[in-house]
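Engineer: how would this look folded up:
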Amino acid sequence: MNTLIDFLNIDIKPLKSKETIAEAQDLFAEYNYTHFPVTEENTYIGCISKEDAEINPSHKAIGECRYEFNRFYVRSEMIWLDVLEEFAKNESNIVPVLNSKNKYIGYYELDDVIKFFHETPFLREEGGILIVRKEISSFSMSQVVQIVESNNAKLLGLFISKSEANFIEITLKISQSSLNEIIQTFRRYEFEIISEHQEDSYLKNLKDRSDYLDKYLNI
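Structural biologist: Numbers count the residues shown, from 1 in each chain. Okay, the predicted model is just below:
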């Protein structure tokens, strides 16, 4: 399987601060980028956005707009989830990549990072998705792993899908289609089950029918 750094893009050289806005406008007209990196004497100084390139005079030097630059970037050694977070935080479809010595080495495109995500076991391997919720004060990641593995299942991946003031929500992918025993174990450890599952729904239907029967017998 590829690593994220294999998707590093160097096809287009960064814009230089001495170049004109017209050159940035030409680049954005040719490529569907929201931003593009700018360097000055081979040092990354930020990204100019497509919107800023459109509203500035075409004869102006790109470097004169530096106060408008977005200064986001990722490191070459960062994991893909952190890289994906930078795309989301900056509402960009491109993010510059710097090495450990702060040298600009290229950029990632959002489509490539999503493609990498699709190749991970979290999406590629078969399994069941489970979403659980618990109070932050009593939550433990090691406990989540132990619950899954104690039921002879394999955890393919997990991430924090929602965080509130007092609660945290975790999305898990588990390498088995029968999740009922795992669901019941999570409940014993006071986790709330957020996602709907066929077996769990079956148990709920049985309980609903039982409650209905109790009410009928008590009439």
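Engineer: now do the SS call for Arg133.
Structural biologist: Following DSSP: H, G, I helix; E, B strand; the rest coil, the label given to Arg133 is strand.
Engineer: now it, nearest residue through space, not along the chain?
Structural biologist: Glu192 (4.3 Å; CB to CB, 6 or more residues apart in numbering). All C-beta atoms are positioned from the backbone trio N, CA, C, and that covers glycine.
Engineer: and if you look at Ser17?
Structural biologist: Using CB to CB, 6+ apart, the nearest residue to Ser17 is Gly63, at 3.1 Å.
Engineer: what of Phe69?
Structural biologist: Gly46 (3.0 Å).
Engineer: from the contact counts, what lies against the strand or helix carrying that neighbour?
Structural biologist: Gly46 belongs to strand 43-49 when assigned by DSSP states H and E. If you count contacts as 3 or more CB pairs under 8 Å, 6 or more residues apart in numbering; DSSP states H and E, strand 43-49 packs onto strand 35-40, strand 94-98.
Engineer: can I get those strands in TSV with distance to Lys18, mean pLDDT and mean neighbour count?
Structural biologist: Putting these into TSV (distance: least, CB to CB, whole Å; pLDDT from 0 to 100; neighbours: other CB atoms under 10 Å) gives the following:
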stretch	distance to Lys18	mean pLDDT	mean neighbour count
strand 35-40	8	96	21
strand 94-98	18	96	22
